[in-house]
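# Return a 3D structure for these sequence lines:
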Amino acid sequence: MIHPRKLLIMMRTIRRCVLCSSFLMCGFALLATCAHARQMPAQQIRLAKIDVVGLRQMKPEQFIEASGLQTGQQVDVPTLDAAAQRLLDTGLFSKLSYRYRVTGAGAVVTFEVEEVQAQNLPVVFDNFVWFSRDDLLTAVRRELPTFDGTAPDTTGATTSITKALTDLLAARHIAGQVEYTLGTDEGGAHPRHVFTIRGVRVPVCKLHFPGAADVSEGELIKNSQPLFEMDYSQENISAFAASSLIPLYRQRGHLRATFAAPSAVAVDGNAPDNCKGGADVTVPVAEGFVYLWDKAEWADAGALAAPELDAALNMKAGETADGLKIDKGWQAVHRAYGRKGYLDARLKPVATFDDEQKRVSYVVRITEGPQYHMGAFSVAGLPESEAARVRQAWQLAPGAVYDGDYLEAFMKKLPMLHIQGFGTKFKQTGAEVKPDRQKQTVDVTLAFK
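Have a look, this model is predicted:
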């Protein structure tokens, strides 16, 4: 028969074990704590010392700060339970338990932890225009003492940051809610934590582009007019700069131009009504060199010879390396392969920049894939007599090398076939192209309605 006092101690220990270890270290915590639970008085006792076992990344003083405990304070079991929960809520630990012993100087508490092995991701404060970077870092460190601008990819960490930012808004009497999303960079390859305030208007009122020279700041602002119709968002402005402003530089040969992350401050109180609470935005630009075209080297090309590929690319040595023209050149090379039946051809251009000579060259690795041939050609939606005329006009015979440009040219000729009712009773509504990768054939169906 278990004595009621011992049963109470065991139940309290089990509760703390569930809290601290999520059942992962329950057996150890139960044994360790039961051995000393009788020594913890019912009233509070002075905390003499805090030990931490298992830290790999966090410093002991950071751990103690995050716990909220201080040596010399009066503690009891609920106080230690609350500290353990506070630590678990940071999301920085996958396992955590504690034990204590009572000495003549007071309670000695030992935490045993295992830190989360999650990837640390950059943290973006998307539209917090009322605060400096230091304000935001200081606020988050109240919840995550180790915060350095990155945070683990865990729910606990993002919840702690959300709470810190919510408290900061409340302290400044700013309405709005903090929303968290897992975002990526412009290329989509690098994830990051993004925190945004919702429910507050932050119109873009001013734009600055320090570093602009070859493309003037005025031209950049002129091409950024859509931003003045939006609320400020660091993420949105970064995406806009990559999609709409970088091409202005690439066209002029600035193939390595980059925009830094936007920053913003709230406009002053004298702003016009349509800019009350708005943002004064700065987007630094590094234009880089203007490059001239040197050459393209073609690797693994077999179906097309280098002169054919160079002709399709249409770049001449010594001309400005117009990035938009280069992009069209790669598309033209791909179409040249398509005309020879290589519909799956893939290009992988890798640039080499010679900053001393201000020239750029490319090594283009080509995966040609199989060569396709014409399969079946059919017409749907026309009377048989008219469908026969369309089939007769189609010149790509079954078994012939499939020409990826032929269909487009053929559809332009349809009005000249004088199909009865074409354009009035019948309208050409589409074309279905079905490559068969096993047979390496292409079936084409023209549809009329």
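# C-alpha only now, for contacts and for neighbours.
Noted.
# Which residue is the nearest non-sequential neighbour of Val281?
Nearest in space to Val281, with sequence neighbours left out and distances taken as CA to CA, 6 or more residues apart in numbering, is Ala264 at 4.3 Å.
# Now do that neighbour against Pro210, distance only.
13 Å (CA to CA, to the nearest Å).
# By neighbour count, which bits of stretch 384-392 are buried? Give me those.
386-387, 390 (16 or more other CA atoms under 10 Å).
# Now distance to Gln43 too, for those, in a markdown table please.
Below are these laid out as a markdown table (distance: CA to CA, whole Å):
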| residue | distance to Gln43 |
| --- | --- |
| Glu386 | 99 |
| Ala387 | 96 |
| Val390 | 97 |
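# got these as TSV, with pLDDT columns?
Listed next are the buried residues of stretch 384-392 as TSV, based on pLDDT from 0 to 100:
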residue	pLDDT
Glu386	84
Ala387	89
Val390	89
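# Among these, which one lies nearest to Pro122?
Distance to Pro122, by CA to CA, is smallest for Val390 among the buried residues of stretch 384-392, at 59.1 Å.
# That closest one reaches Ala380, doesn't it?
No. Look at Val390 against Ala380 with CA atoms under 8 Å: they stay out of range, at 10.5 Å.
# one step back: list just the nearest of the buried residues of stretch 384-392 to Pro284.
Closest approach between the buried residues of stretch 384-392 and Pro284, by CA to CA: Val390, at 58.0 Å.
# ends of stretch 306-319, how far apart?
Start-to-end span of stretch 306-319 (CA to CA) is 19 Å.
# Quick one: mean pLDDT for that stretch?
For stretch 306-319, mean pLDDT rounds to 97.
# which residues sit against that stretch?
292-296, 298, 326, 328-330, 332-333, 336 (CA atoms under 8 Å, 6 or more residues apart in numbering).
# So which residues of the stretch 251-400 of the chain form helices?
306-313, 323-339, 384-393 (DSSP state H, counting those that start in this stretch).
# sorry, back to before: show me which of the contacts of stretch 306-319 are buried.
Using 16+ other CA under 10 Å, the buried ones in these are 292-296, 298, 326, 329-330, 332-333, 336.
# Turn the residues you listed into TSV, including distance to Lys276.
Shown next, in TSV, are these (distance: CA to CA, whole Å):
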residue	distance to Lys276
Leu292	46
Trp293	48
Asp294	51
Lys295	53
Ala296	53
Trp298	56
Ile326	44
Gly329	47
Trp330	47
Ala332	50
Val333	52
Ala336	55
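# OK, contacts around the closest residue to Gly338 other than its chain neighbours?
In space, and not counting its chain neighbours, Gly338 is closest to Gly404: 4.7 Å by CA to CA, 6+ apart. Contacts for Gly404 (CA under 8 Å, 6+ apart) come out as 335, 338-341, 343.
# Mind picking the two most distant members of the residues you listed?
Among these, Arg335 and Gly341 lie farthest apart (CA to CA), at 9.7 Å.
# more crowded one of the two?
Using other CA atoms under 10 Å, the more surrounded residue of Arg335 and Gly341 is Gly341, with 27 against 19.
# Pretty sure that one sits against Tyr402.
Yes. Applying CA under 8 Å, one finds Gly341 in contact with Tyr402, separated by 4.7 Å.
# which residues are contacting stretch 200-216?
By CA under 8 Å, 6+ apart, stretch 200-216 touches 127, 175-176, 217, 220-221, 227-232, 248-249, 267, 274-275, 277-287.
# buried subset of those?
Burial by neighbour count, judged by 16+ other CA under 10 Å, picks out 127, 217, 220-221, 227, 231-232, 248-249, 267, 275, 277-287 from the contacts of stretch 200-216.
# Among these, which lie within strands?
279-282, 285-286 (DSSP state E).
# Under the pLDDT cut-off, which ranges of the stretch 201-350 of the chain? List them.
Scanning the stretch 201-350 of the chain for pLDDT under 70 picks out 269-271, 273.
# quick one, strands of the stretch 301-449 of the chain?
346-354, 359-367, 373-380, 428-436, 441-448 (DSSP state E, counting those that start in this stretch).
# before we move on, the earlier item: columns distance to Gln438 on top of the contacts of Gly404, output as CSV?
Formatted as CSV, the contacts of Gly404 follow (distance: CA to CA, whole Å):
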residue, distance to Gln438
Arg335, 22
Gly338, 18
Arg339, 20
Lys340, 18
Gly341, 15
Leu343, 14
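# Pick the one among the residues you listed closest to Glu61.
Using CA to CA, those come closest to Glu61 at Leu343, 62.1 Å.
# Ala400 versus the closest one, what's the distance?
14 Å.
# who's more crowded, the two?
For Leu343 versus Ala400, neighbours defined as other CA under 10 Å are more numerous around Leu343 (23 against 14).
# Tell me who's in contact with that one.
The contact partners of Leu343, by CA under 8 Å, 6+ apart, come to 337, 369-372, 404.
# ok, of those, which come out buried?
Members of those classed as buried by 16+ other CA under 10 Å are 337, 371-372, 404.
# Phi first, then psi, for the spatially closest residue to Phe195 that is not a sequence neighbour.
Distances taken as CA to CA, 6+ apart place Tyr180 nearest to Phe195, at 4.7 Å, with adjacent residues excluded. In terms of degrees, to the nearest 10, the main-chain angles of Tyr180 are phi -110, psi 140.
# My understanding was that Tyr180 contacts Arg192; is that so?
No. Tyr180 lies out of contact with Arg192 (CA under 8 Å); the separation is 10.6 Å.
# re the thing from before, for Lys348, state which of the buried residues of stretch 384-392 is nearest.
Val390 (38.8 Å).
# Please list the residues outside stretch 252-268 that contact it.
127, 129-131, 205, 234, 237-238, 241-242, 246, 249-250, 275-292, 320-323.
# For that stretch, measure first residue to last.
37 Å.
# So which bits of that stretch are buried?
252-255, 257-259, 262-267.
# Which ones among those residues lie within strands?
Applying DSSP E to the buried residues of stretch 252-268, the entries found in strands are 258-259, 263-266.
# Quick one: the residues you listed as JSON lines, columns for distance to His418 too.
Output for these, formatted as JSON lines (distance: CA to CA, whole Å):
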{"residue": "Thr258", "distance to His418": "54"}
{"residue": "Phe259", "distance to His418": "55"}
{"residue": "Ser263", "distance to His418": "62"}
{"residue": "Ala264", "distance to His418": "62"}
{"residue": "Val265", "distance to His418": "65"}
{"residue": "Ala266", "distance to His418": "66"}
